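A.B. asks: Build me a model:
(2 chains)
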Amino acid sequence: MAAPLTLLLIVAVTIRAVLFRSSLAELISARVEVVSPLNAWKRVVEGLALLDLGVSPYSGDVFHETPLMIYLFHFTVDYAEIVFIVSAYFFRKQKYALESDRYSADCLELLRSPKEMFYIPLKVAMFYLLNPFTILSCVAKSTCGLNNAIIALFIFCTLKGSALLSGILLALATYQSIYPLTLFAPALLFFLQRLYIPVNLRRSSFWFFTLQYAFMYVGSLVVITGLSFFLLGSWDFIPSVYGFIFSVPDLTPNIGLFWYFFAEMFEHFRLFFSCVFQFNVFFYTIPLSIKLKEHPVFLIFMQIAIISIFKSYPTVGDVALYMAFLPAWSHLYRFLRNIFLVSCVLLACSALFPVLWHLWIYAGSANSNFYYAITLLFNFGQVKVFTTTWLTNCEWKNRWRNKVSLFINLY
Amino acid sequence: MGLLSDPSRRKVLTGLLTRLNTPICIVCYLAGIVWFMGLAFEPFTLRTYMSENAMGSTMVLLRGAIMMLVCFCSGMPVEWLVKAMQSRGLEVFTQSFSRKLPFPDENKERYMVRGTNVYGILRAPRAPRTEALVISAPCSPGDSNNQAVGLLLALAQYFRNQVYWAKDIIFLVNEHDLMGTQAWLEAYHHTNITGMEYSPLQGRAGSIQAALSLELSSDVITSLDLILEGLNGQLPNLDLANLFYAFCQKLGVLCTIQGKLQRNDWDTAEGYTHAAQTMMLMVLKQACGRSWGDHGLFLRYHIEAASVRGINSFRHYKTDAATIGRLLEGMVRKLNNLLERLHQSYFFYLLPSLSRFVSIGCYMLAFGLLVVILLLRALDLWVHLGAPALAAPSGPGVLTVLTPVVISHLTGVALYLLPVHLQEMAVEHFPVSETEAVVLTAVAIYTAGLALPHNTQRLLSGEGTEQGWKVLKLTALLYLAVLLGCTALINFSLGFILAVTLVPITASMTPHMPKALSALVMVLLSPAFTVLYCVFIYQELIEAPVSVSEGWMLFLSVISQGILDHALYGSLVYPLLALFIYPCWLMFWNILFWS
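C.D. replies: Below is the predicted model of the structure:
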């Protein structure tokens, strides 16, 4: 396992290094599908410059990163490329570790051979490192890669069973962009399952553990926020980062659903629509948690997918995050319907994004409707992947139950 | 989606698909071709109409009374032009530019190009100077366009005396036609996309709304030809063509498109053939991606532009210069009244004649029918493969598919980079000129790619299973479908012509077909031969048929023009063919020789 993994790592690092040095790096950093106002490298550089001048980096509405991020880059700005490659490596390492960990709990002899299971971590690493979306995101130096690394570390710590570390990392991920807040529920469910505490609202053990975990999480969040306050000496970052994410003032086209709607609606209704759109991201946590009580890891995957589709400024780096998890559920492939059509749709949309952008912005022959049509189709494809995986999981569970009950009845 | 999620109905559907795959593909192909040819049939087209309200309702009284000046410019009399424009009350500026071509251009016999553009700005008397219109006349060495320059100066003098101008009018006389226009436009918009060296512009007007380019070679004009095709197949807004046609009809000037006059007998065979020929000429001109008039470079900056060429075809009825002046005055006045850029009418269309057009909604279906064949074939392969492609990405399976893909693309990169970079080496070792060296290197690399499958399979040992070629074909079909789709969106004609020749061979290619015959058919329908056929068809359509050897020389010059256009103006046809279409075709060539 070590040899193919090392080879994979070398190939991935080589591709990124080559692209960093070529003239394509400039082109990629300007693409709207790859960078968003939240994680563009140009804005980080702008923020750093303002910080060096002694001005608050949040003045001027250009910089929307968190203070910890700016201090991280303050010290490593010359080695930025290395930081991004290292974060990709970390991510891969976490994924690899978590995959080899996950299946000790679920025995799936009926539906999957051990040989396949052996290859899963490698597949997950390959799906992430060699995914063109991640390569583009890394070459564009979008901080999305760092966010992905934090989420991967969080998942790793959760699976390893360390509640404190998991709480701290989840707080860090939430601090970066609010949406990982929804990952609190699956992490909690995983720990409860691991500690054999039944999810019963009347049991005191349930509440005891929940409060413990919540305390660790909220405590770390308060500490990190307080640290940011002391680093910069003001609360400026809260409206600039979190207010920006929630109120969506920047309507640069991206692969998300927000920009077109918000560009064409009247100011009068803006608050209502932003509430509805943001609510959409958080709403699915409750029904999904109830349904997927026994499968918290799958729930994590579902939540990440929902965040990537419905967040206010998605980029292809977010899409790559949940796509990398797909091989972990390779036992579902046999039942995946329409996967060919959906993959063709996603592939065609990825190719059509730059074409229609060119036709709209440069040639002037198209307009925003063309680009938004492709955005809609892309998100439709993603939702189809999400629902197909979900339905297949339900079907697989039913078959599994039937087979197990058959097995038991035989004896 | 009950049809697709219900397993039994799904089985029926997929069974139907696999059984009827070949007949459906053949029907789709024939339907696509017939639909395309039927686009020229008049009842299927729409009559052109003015969409822009600002241009339709204004009354334009044309007064004419222009004095024609005949000027003899051999080379570019910069000082004379500057004085002439200044005496007409324009603000005159010059711009010098220079460019070293990657290899000598044998058609125009130039290698190191240096020139000067002269332009005069007529400032709008009362309006704020936020917008501008451009009238340009390329001044080539010799007296091939002296009448246009004369007309330009006469128009300038006439326009100076009018008070209704709301936009600044720039009268541009550019040297070395497309290169001069490129230098001027790049300087105007502060970009440098083609590596040209130019001096910055001293004077500027606002953002350019529209441009007209005039080419008049003689003082006796019988008809005016409208040229619309621009760089990369981009077309100006149809309203510009409608405007021109409306004025020609009003003033009784004969106007042609693709050099052909309109006919009224659409229900006869000759009438239909005439319209079909006009449309095919437009498709061929659009597909080659070069700018067929100076206006073509304006389109890239979102400036609607068209070229007007005066033709002397020795007819009985001659148009005098005053009428042409009135026509241009009318057009410029209408453009002057625009409140915003032309955007109401179509940007994607085909013109079987000046009064009839085919919009994108009609012609895209022909292309869609061709691409659907590729998707049906891919679906068929997917069903046969039993959907394991996602489950086994690691192991030897991926390597067998990855190797031909990587090698094909490396060959494409070699075809793109090597001809220009190796020209000095080629000139040292062989007795050829630089241009010939570049073109012949390209042809040599293209032919060398045909030998690849045999060599790569000697390198890889133990590969080549039934499943391997199917996975490769699935990947290649999807890749080709996405590629052709993206090409057709930007340049429909190029996408359609490539689809017509590539789709039949790629959809039907398997390693089990008779090798010699299939290899011959594949080579005869490869991208290079497609270009060759297009050259012959184009010569036939412009009624100047060529023999085989002349056609071959023309083909070679087309290749060199393609490479030059890419280097000088940023045309995308050559990189597309070399970096994407040719590797795709090579992947299918690999499948044919899969052992």
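A.B. asks: Give me the sheet partners of the lengthiest strand in chain B and which way each runs.
C.D. replies: Within chain B, and with DSSP state E defining each element, the longest strand by residue count is strand B:91-105. Using DSSP bridges, strand B:91-105 pairs in its sheet with strand B:110-122 (antiparallel), strand B:197-198 (antiparallel).
A.B. asks: which parts of the longest one are buried?
C.D. replies: Neighbour-count burial for strand B:110-122 flags B:Arg110, B:Val113, B:Gly115, B:Thr116, B:Asn117, B:Val118, B:Tyr119, B:Gly120, B:Ile121, B:Leu122 (criterion: 16 or more other Cβ atoms under 10 Å in any protein chain shown). All C-beta spots, glycine's among them, are computed from the backbone N, C-alpha and C.
A.B. asks: ok, the residues you listed vs A:His64, which is closest?
C.D. replies: Nearest to A:His64 among the buried residues of strand B:110-122: B:Ile121, at 43.4 Å, using Cβ to Cβ.
A.B. asks: residues from the stretch 101-250 of chain B in reach of chain A?
C.D. replies: Within the stretch 101-250 of chain B, the positions lying close to chain A (Cβ under 8 Å from any Cβ of the partner chain) are B:Gln234.
A.B. asks: Tell me which residue of the stretch 101-250 of chain B lies closest to chain A.
C.D. replies: Nearest to chain A in the stretch 101-250 of chain B, going by Cβ to the nearest Cβ, is B:Gln234, at a distance of 5.8 Å.
A.B. asks: residue contacts, residue 286?
C.D. replies: Let's take chain A. Counting by Cβ atoms under 8 Å, 6 or more residues apart in numbering or on different chains, A:Ile286 touches A:Ala185.
A.B. asks: wait, I meant chain B there
C.D. replies: For B:Gln286, counting by Cβ under 8 Å, 6+ apart, the contacting residues are B:Glu229, B:Gly233, B:Leu235, B:Asn491, B:Phe492, B:Ser493, B:Leu494.
A.B. asks: Select from those residues every entry located in helices.
C.D. replies: Among those, the members found in helices (DSSP state H) are B:Phe492, B:Ser493, B:Leu494.
A.B. asks: count of residues packed around the last one?
C.D. replies: For B:Leu494, the tally of surrounding residues (other Cβ atoms under 10 Å in any protein chain shown) stands at 24.
A.B. asks: any idea how far A:Glu65 lies from B:Tyr301?
C.D. replies: Using Cβ to Cβ, to the nearest Å, A:Glu65 is found at 35 Å from B:Tyr301.
A.B. asks: Settle it for me: which of the two has more neighbours?
C.D. replies: Taking other Cβ under 10 Å, A:Glu65 and B:Tyr301 do not tie; A:Glu65 has more neighbours (25 against 18).
A.B. asks: element containing A:Ser142?
C.D. replies: Assigned by DSSP states H and E, A:Ser142 falls within no helix or strand.
A.B. asks: what's the burial count for it?
C.D. replies: Using other Cβ under 10 Å, A:Ser142 has 26 other residues around it.
A.B. asks: if we can go back for a sec, I'd like the contacts of B:Gln286 laid out as a markdown table, including pLDDT and distance to B:Val283.
C.D. replies: Shown next, in a markdown table, are the contacts of B:Gln286 (pLDDT from 0 to 100; distance: Cβ to Cβ, whole Å):
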| residue | pLDDT | distance to B:Val283 |
| --- | --- | --- |
| B:Glu229 | 93 | 10 |
| B:Gly233 | 91 | 9 |
| B:Leu235 | 93 | 12 |
| B:Asn491 | 92 | 10 |
| B:Phe492 | 94 | 8 |
| B:Ser493 | 95 | 4 |
| B:Leu494 | 95 | 9 |
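A.B. asks: Neighbour-wise, give me the winner out of those residues.
C.D. replies: B:Glu229 leads the contacts of B:Gln286 on contacts (other Cβ under 10 Å) with 29 neighbours.
A.B. asks: quick one on the thing from earlier: double-check the residue of the stretch 101-250 of chain B closest to chain A against A:Ala366; I have them as touching.
C.D. replies: No: contact criterion Cβ atoms under 8 Å: B:Gln234 and A:Ala366 do not qualify, at 11.7 Å.
A.B. asks: Comparing those two, which residue is more hemmed in?
C.D. replies: Neighbour count, other Cβ under 10 Å: between B:Gln234 and A:Ala366, B:Gln234 has more, with 26 against 19.
A.B. asks: That one and B:Val173, how far apart?
C.D. replies: Here B:Gln234 is placed at a distance of 24 Å from B:Val173 (Cβ to Cβ).
A.B. asks: in which helix or strand would I find B:Ile193?
C.D. replies: Per DSSP H and E, there is no helix or strand for B:Ile193.
A.B. asks: residues in contact with it?
C.D. replies: For B:Ile193, the contact set (Cβ under 8 Å, 6+ apart) comprises B:Glu186, B:Gly570.
A.B. asks: Check what pLDDT it gets.
C.D. replies: pLDDT, B:Ile193: 84.
A.B. asks: Let me see the ranges of the strands in chain A.
C.D. replies: Applying DSSP E to chain A gives no strands.
A.B. asks: follow-up on the earlier one: next, the contact list for the closest residue to the residue of the stretch 101-250 of chain B closest to chain A other than its chain neighbours, please.
C.D. replies: Nearest residue to B:Gln234 in three dimensions, chain neighbours excluded: B:Leu299, at 4.5 Å (Cβ to Cβ, 6 or more residues apart in numbering or on different chains). When contacts are counted by Cβ under 8 Å, 6+ apart, B:Leu299 touches A:Ala363, B:Gly230, B:Leu231, B:Gln234, B:Leu235, B:Pro236, B:Ala305.
A.B. asks: Ok, B:Leu554 next?
C.D. replies: The contact partners of B:Leu554, by Cβ under 8 Å, 6+ apart, come to B:Val535, B:Gln539, B:Val546.
A.B. asks: Can I get the strands paired with strand B:91-105 in CSV including distance to B:Ile581 and mean pLDDT?
C.D. replies: Compiled in CSV, those are given as follows (distance: least, Cβ to Cβ, whole Å; pLDDT from 0 to 100):
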stretch, distance to B:Ile581, mean pLDDT
strand B:110-122, 30, 90
strand B:197-198, 33, 91
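A.B. asks: As JSON lines, the ones you listed with distance to A:Thr315 would be great.
C.D. replies: Compiled in JSON lines, the strands paired with strand B:91-105 are given as follows (distance: least, Cβ to Cβ, whole Å):
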{"stretch": "strand B:110-122", "distance to A:Thr315": "43"}
{"stretch": "strand B:197-198", "distance to A:Thr315": "38"}
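A.B. asks: closest to B:Gln344 out of those strands?
C.D. replies: Closest to B:Gln344 of those is strand B:110-122 (Cβ to Cβ; 27.0 Å).
A.B. asks: CA atoms of that closest one as CSV?
C.D. replies: Presented in CSV, the C-alpha positions along strand B:110-122 are these (Å, rounded to 0.1, in the frame of the first residue of the first chain):
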residue,chain,number,x,y,z
ARG,B,110,6.1,39.9,-45.5
TYR,B,111,8.2,38.9,-42.6
MET,B,112,9.2,41.9,-40.6
VAL,B,113,6.2,44.2,-40.6
ARG,B,114,6.4,47.9,-39.7
GLY,B,115,3.6,50.3,-40.3
THR,B,116,1.8,53.4,-39.3
ASN,B,117,-1.9,53.9,-38.7
VAL,B,118,-3.4,57.4,-39.2
TYR,B,119,-6.7,58.2,-37.6
GLY,B,120,-8.7,61.4,-37.2
ILE,B,121,-11.4,62.0,-34.6
LEU,B,122,-14.5,64.0,-35.4
